[in-house]
Each structure stands twice: as structure tokens, then as C-alpha cells.
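# return atomic coordinates for the entry below.
(2 chains)
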Amino acid sequence: MKNETLNRLKLLASEIRLETMKIIASKGNGHVGGSLSIADVLAVLYGEVMHYKPEDPDWKERDWLVLSKGHAGPAMYAALGIVGYYAKEDAYHLNEAGSDFPSHTDHSKTKGVDLTTGSLGQGISQAVGAALGNKMQRIDSHVFVICGDGECDEGQVWEAAQFAAHYHLDNLIGFVDNNGRQLDGTVEEVMSHGKGIGAKFDAFGWEVIDVKDGNDVKEILEAIHRAYEIKDKPTMIILNTVKGKGIDFAETSGEHSSTLNAEQWKVVIAEAERKYEALKEELS
Amino acid sequence: MYKLAKEHTNDKRNNRDAYDDAMLDMMKVNDKIVHIDCDLAGCINATRIKKDFPERFFNAGIAEANAICVACGLSATGIIPFVHTFGVFASRRAFDQVFLSAGYGERPIHIIGSDPGITAAFNGATHMPLEDCGLYLNVPNAIIMDPCDYAQTYVLTKRSAETDSLTYMRLIRRSFKTIYEDGSDFEIGKGVLLKEGKDVTIIASGVMVYNAIKASELLKEEGIEAEVIDMHTWKPLDEELIIRSAGKTGAVVTAENHEVNTGLGSAIANVLAANCPVPQEFIGIHNRYGQVGSQDFLEKEYGMTVEDIADAARKAISRK
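Next up, the predicted model:
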């Protein structure tokens, strides 16, 4: 794994954080914490791993990404803008009336969004269907799906999990954004997961890879390369992340949704810009 | 074009085989069509599909919510999925998935809900969908069908696959009356004017079509000429036919195997109120749960017999 690649991905993750803040700031409030925690996996997917054509979003041979935790839409919009599905500025209209950028990812609205999500649990089921459809049609591609740890409270996640294992969907690679927090508090407080979410997926017949630092692009990339080698079953990569990662106020509060005033957003965007520029300088 | 059967006798075939026949005929020529079941394939003989097309038959197990969303994902890759479970599970159990992933998500999947209304008979209240179509009526642009016999079930299954919409079709499982001859053709969204009349219009669907025909025969003996319409598609509703017929007869009876407050009668009342207000009487389930019993017993219990329809017609006429 080249340092050059990792540096590029780190910088992309930083840019995704900056753009995510600009997108949420355009509305004034949104799901800051859970968007920031997945910036690094999005950087690895869009910056290195996935095959896609921004000029042809429905390209049959593409890799798919389903954001099952659809409320992290702003982070996905940031990534899609950076890699060229549209101009980055297009997404600075979060949740405006008539906007193509609703807070939850919507296939009918936004270029590059493969499936509509938002009602938790439904995204992973749809991703399973897409993986089955591509396999049936002998399309050599992968379907990636990102779930929340809170989302794993939903029974449907486990219905999807058993189906994917039963049909040996090794073209399906999932991630759990295991940031430990959900809307009402910590996952441990609200609804704990027995022996752990990873242990559950293991029991359901998935290969499970635990990534100690789920905000480290190197560890994420290594995990995906390992997942590529797994045959006859789907893989779930547990990303142990920090909710709000990379932005001081969000990392401290760990809150699910944040509302800031215009002045506060200026400070946050300035922080994200400063961090991005400093990293660029450091890596150049 | 359709051709009415000479006699409306019991079909020797189980109605569920009409779905299987249509699927097998389609699957032979279209490799994108798949059947997904929720551990109820045996109940509709879809094991025939599994036997002939094992690679395009998927059992999702007893997990209906997932089955609907898997179908949506398949559809996104260009597959044409049909999903079957009992009507209660296809509606109540999986409604958020139907509404959001399939409806709002614009995925044209085709959902088959078997054992509509009182045909669930001895499976009782827990398995008796009296509100399935009512739920689906809330899904913008969904197509909802309640076919009445073998020939119609066969055609509407095929027509479903030709649409770009989410469809929901009720499926009577067992042998039932033959209304049409095989080879009859039907169009989604176009009701069938079975019998012309001038005094009252009876609009029915599914198993109530037979009773509506019989009621019209009863009324004829009294000199009442009832117009009979088979409204196999609830949505989009054939408003033109309703308005034309109600305008002519000036009285309407709706007969459905469903809760009347959220079903065909209500949908038709909406059309009449806005376009052609005439007296309307509602045959169907009135604010009740299902229960165990034979279909004949349940028809009587819920006031859905031939005589009940004839009474409703007399009442509607008297209110003109």
C-alpha cells in the first residue's frame, strides 16, 4: 500500500469533512455527528476502491454504494460532489424546498445515489437485493452498504443479514459505523447488542472484520482488500469510529443532530478549512 | 376482449395456478422475471416455478419486510420481481417497505397477496386481510387489483409485469367460480361492464363479482334492471365508467371483500361525490375484524350474500 495513496485518501477524507460542513451549514442544522464518522470510509470507497463513472451514474458494471444510514446523506453528497457527479456547490442547498439534496439519500433526487434510504433497515435489504441482481446477471462488481450501529436495532437488518448469508452473496461488503452513539444516548444505554454487533453478524453467517480505528483510511483499505478474498459469504466490516470525528464541537458533544447559528457555522467551516489546508501542507 | 362463461360454475382448477401459469409462460420468454416467496410457495403451488426455474426462484423465509426491499434492490438492477405472501403480511407487515422503498423509491415490483378477505376462511382473523387494499390505496401511483377468477388472474399477472409501476394483486388461492372464459383479455384500470341496466349499478370485484351477477338475476325477477360492473382494478380507478353508469342509473351499490371504509366503496364514493352524487349502498366488511369460518358462513356474517346485495340495490333505488 503506497504512502502516496494513503495520503491522497486522508486528504480526501478531510475535504469530505469540509464539504459536509458547508452542506449542513447551508441549512443550518443536520446530522453532523454520523456524517463525520463515515468521512474516512467514503474517502476510501470513492477515492480508491469503487469503480464508477460520474458521467454515467447508471453504468451497469459499476460498484454500488447504499447508505443504509440515510441520515448521513450530507457526507455522501460531499463525496459525490468532490468526485464529479455534480459541482460541489450544487449540494449547498440541503433540505431547501425543491432541493435535489434532502437530508436522507434519495435515488430519485440525487445523481450517484443508487437506492433510496432513510427508514432504517431498508437500505441493507435493498443492497442485498442489488447484490443478488448483479450476481444473477453475472456482473462482476461489488455492492457496498453502510449501516449505523443504532440502525442495527432494527429487526430488518437481521432479516437482510440472514438472506445475504443464505444466498452466499460474496459481492456484498457491509460496514457498520460503530460510533457508539444513537439519538437518545449511547448504544449501550439505549439498546445494547449482547456480545456485540460483529458477533451477531458472525452468528448470522457473515465474515466479520473488526477495524480498530474506523477513521483510519489505511485500516479501512486493508479490511476491504481482505473482504475481496472472502468467497461464498458476505463480509461485514465493523468500523470503530468516533461520532463527530474531526470537528471539535461535534466530537465533544457526540450529538446525533446539530443546530448552529450562522456565526457558529462560520467558525466550524473555518476550522474544517484550516485542518484541510494544514493536512495538504503536511502531505505535500 | 372478454367472453363471459356460459355458466358460472366452480372452476376445476385452483385459482392460484392461474398465477403460476402466467409466471411460467412469462419466465420462458423473459429471463428477468423472478419469483420471491416468504415460505408460502407451497400454498400457491409456486413450487412449480421453483421446479422449472430454480435459478429464478428465491425463498426469503418468513421475513416479509426484507423480501419487499430485496425485490426493490433486484428491480434496481433491471430484474422484474414478483413477491408473494399472504395478503395480511404483504400489506400490514411490510407496509413501510412497500410505501418507501418500492413506492417512493420508484421500484416497479409486483406484490401478490393471497387469501383476500373472507377467502382466508379457516385461517381466521390473524390471516384475513380486510384492509390490505386500503393500505395500498395510500401509495401514490400504485396499481391495485382484485381479480375474480382464473382467466382474469392469469391476464392481470401478465399485465403487471408490463407496467412500470408498483403493483399489488390479490390472489384467491382455491377453486372458485368461473366468470370468464379462458382467453379473455383485460386492461389494468379498465372496469368490465358485465351487464347493462337502467335502475341501479352494482360495482364489484374479486369474489363479489359472482354474487353481484346473481343479485342482478334476482332483481330481474322483480323487474329491476341492474347494471353490473367488474371493477378488477381499484387503482387507477375507472372513473369514466363509474360516472357514465351512475349518471345513467342514478343509484349505486358497491360490493367488496374488504373493509368498506377504506376500500373500493370509499374510492367510488369519492368519485361520485365529486362528479355525480347519487345514493350509494356499501356491501363489504363494516368496521369489524376477521374470524374463523367457511366462506359461506363469513359472507352471511358480514352481510355480503346475493340477497344482501339485492337488498342494498332496492334500498339505493328507494333513496333516489
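
# can you read off the pLDDT for residue A:255?
Among the per-residue scores, residue A:255 holds a pLDDT of 89.

# for chain B, see how far away it is.
26 Å (Cβ to the nearest Cβ, to the nearest Å). (Glycine included, C-beta is placed from N, CA and C.)

# correct me, but that residue touches residue A:33?
Yes - here residue A:255 lies in contact with residue A:33, judged by Cβ atoms under 8 Å, at a distance of 5.8 Å.

# average pLDDT across stretch B:48-61?
For stretch B:48-61, the mean per-residue pLDDT is 98.

# contact partners for the residue of the stretch 151-284 of chain A found nearest chain B?
Nearest residue of the stretch 151-284 of chain A to chain B (Cβ to the nearest Cβ) works out as residue A:159 at 3.5 Å. Shown in contact with residue A:159 (Cβ atoms under 8 Å, 6 or more residues apart in numbering or on different chains): A:125, B:60-61, B:63, B:65-66.

# tell me who's in contact with the residue lying closest to residue B:60 once chain neighbours are set aside.
Leaving aside its chain neighbours, residue B:60 sits nearest to residue B:67 (3.8 Å; criterion: Cβ to Cβ, 6 or more residues apart in numbering or on different chains). By Cβ under 8 Å, 6+ apart, the contact set of residue B:67 is B:36-38, B:60, B:83, B:85, B:94.

# centre of the chain to the strand or helix carrying residue B:67, how far?
For residue B:67, the element it lies in under DSSP states H and E is helix B:64-76. Offset of helix B:64-76 from its chain centre (Cα atoms, centre = their mean, to the nearest Å): 22 Å.

# now that helix - C-alpha only, CSV.
Extracted in CSV, the C-alpha atoms of helix B:64-76 (Å, rounded to 0.1, in the frame of the first residue of the first chain):
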residue,chain,number,x,y,z
GLU,B,64,-41.7,-10.2,4.5
ALA,B,65,-40.2,-6.7,5.1
ASN,B,66,-36.8,-7.9,3.8
ALA,B,67,-38.5,-9.7,0.9
ILE,B,68,-40.0,-6.4,-0.3
CYS,B,69,-36.8,-4.5,-0.1
VAL,B,70,-34.7,-7.3,-1.7
ALA,B,71,-37.2,-7.1,-4.6
CYS,B,72,-36.6,-3.3,-4.8
GLY,B,73,-32.8,-3.9,-4.9
LEU,B,74,-33.3,-6.5,-7.6
SER,B,75,-35.5,-4.2,-9.5
ALA,B,76,-32.8,-1.5,-9.4
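
# excluding its backbone neighbours, what's nearest the residue of the stretch 101-250 of chain B found nearest chain A?
Using Cβ to the nearest Cβ, the closest approach of the stretch 101-250 of chain B to chain A is made by residue B:105 at 3.9 Å. Among residues not flanking residue B:105 along the chain, residue A:116 sits closest, at 3.9 Å (Cβ to Cβ, 6+ apart).

# quick check: the one you found is in a strand.
No - assessed with DSSP: H, G, I helix; E, B strand; the rest coil, residue A:116 is coil; it does not lie in a strand.

# make TSV out of the contacts of residue A:159 and add distance to residue A:169 and neighbour count.
Compiled in TSV, the contacts of residue A:159 are given as follows (distance: Cβ to Cβ, whole Å; neighbours: other Cβ atoms under 10 Å in any protein chain shown):
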residue	distance to residue A:169	neighbour count
A:125	12	35
B:60	13	29
B:61	15	15
B:63	15	24
B:65	18	25
B:66	13	31
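
# pick out the most distant pair among these.
Farthest-apart pair in those is A:125 and B:61; separation 12.7 Å (Cβ to Cβ).

# overlap in contacts, these two.
Common neighbours of residue A:125 and residue B:61 (Cβ under 8 Å, 6+ apart) are A:159, A:163.

# could you pull out the strands for the stretch 101-250 of chain B?
Per DSSP state E, counting those that start in this stretch, the stretch 101-250 of chain B carries strands over the ranges B:110-114, B:143-145, B:167-171, B:192-195, B:200-204, B:226-230, B:233-235.

# can you put the ones you listed in CSV and add mean neighbour count?
Output for these, formatted as CSV (neighbours: other Cβ atoms under 10 Å in any protein chain shown):
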stretch, mean neighbour count
strand B:110-114, 27
strand B:143-145, 27
strand B:167-171, 29
strand B:192-195, 19
strand B:200-204, 31
strand B:226-230, 26
strand B:233-235, 25
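
# could those go into TSV alongside distance to chain A and mean pLDDT?
Below are the strands of the stretch 101-250 of chain B laid out as TSV (distance: least, Cβ to the nearest Cβ, whole Å; pLDDT from 0 to 100):
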stretch	distance to chain A	mean pLDDT
strand B:110-114	14	98
strand B:143-145	19	98
strand B:167-171	17	98
strand B:192-195	34	98
strand B:200-204	35	98
strand B:226-230	35	98
strand B:233-235	21	98
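
# can you report how many residues lie near residue A:60?
Neighbourhood size, residue A:60 [other Cβ atoms under 10 Å in any protein chain shown]: 11.

# again, but for residue A:114
Number of residues near residue A:114 (other Cβ under 10 Å) recorded here: 26.

# now the phi/psi pair for it, please.
Here is the backbone geometry of residue A:114 (degrees, to the nearest 10): phi -80, psi -40.

# now do the helices in chain B.
Listed in chain order, the helices of chain B (DSSP state H) span B:16-29, B:47-52, B:64-76, B:87-88, B:95-96, B:132-136, B:150-162, B:208-221, B:239-249, B:264-275, B:295-301, B:306-318.

# please name whichever of those is nearest to residue B:284.
Here helix B:264-275 is closest among those (Cβ to Cβ), at 6.0 Å.

# show me which residues of the closest one are buried.
Going by neighbour count (16 or more other Cβ atoms under 10 Å in any protein chain shown), the buried part of helix B:264-275 is B:264-269, B:271-272.

# next one: stretch B:105-123
B:105-121.

# repeat that for stretch A:105-120.
A:105-107, A:110-120.

# need those in JSON lines (columns: pLDDT).
Output for those, formatted as JSON lines (pLDDT from 0 to 100):
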{"residue": "A:105", "pLDDT": "95"}
{"residue": "A:106", "pLDDT": "95"}
{"residue": "A:107", "pLDDT": "94"}
{"residue": "A:110", "pLDDT": "96"}
{"residue": "A:111", "pLDDT": "96"}
{"residue": "A:112", "pLDDT": "97"}
{"residue": "A:113", "pLDDT": "97"}
{"residue": "A:114", "pLDDT": "94"}
{"residue": "A:115", "pLDDT": "97"}
{"residue": "A:116", "pLDDT": "97"}
{"residue": "A:117", "pLDDT": "97"}
{"residue": "A:118", "pLDDT": "93"}
{"residue": "A:119", "pLDDT": "96"}
{"residue": "A:120", "pLDDT": "97"}
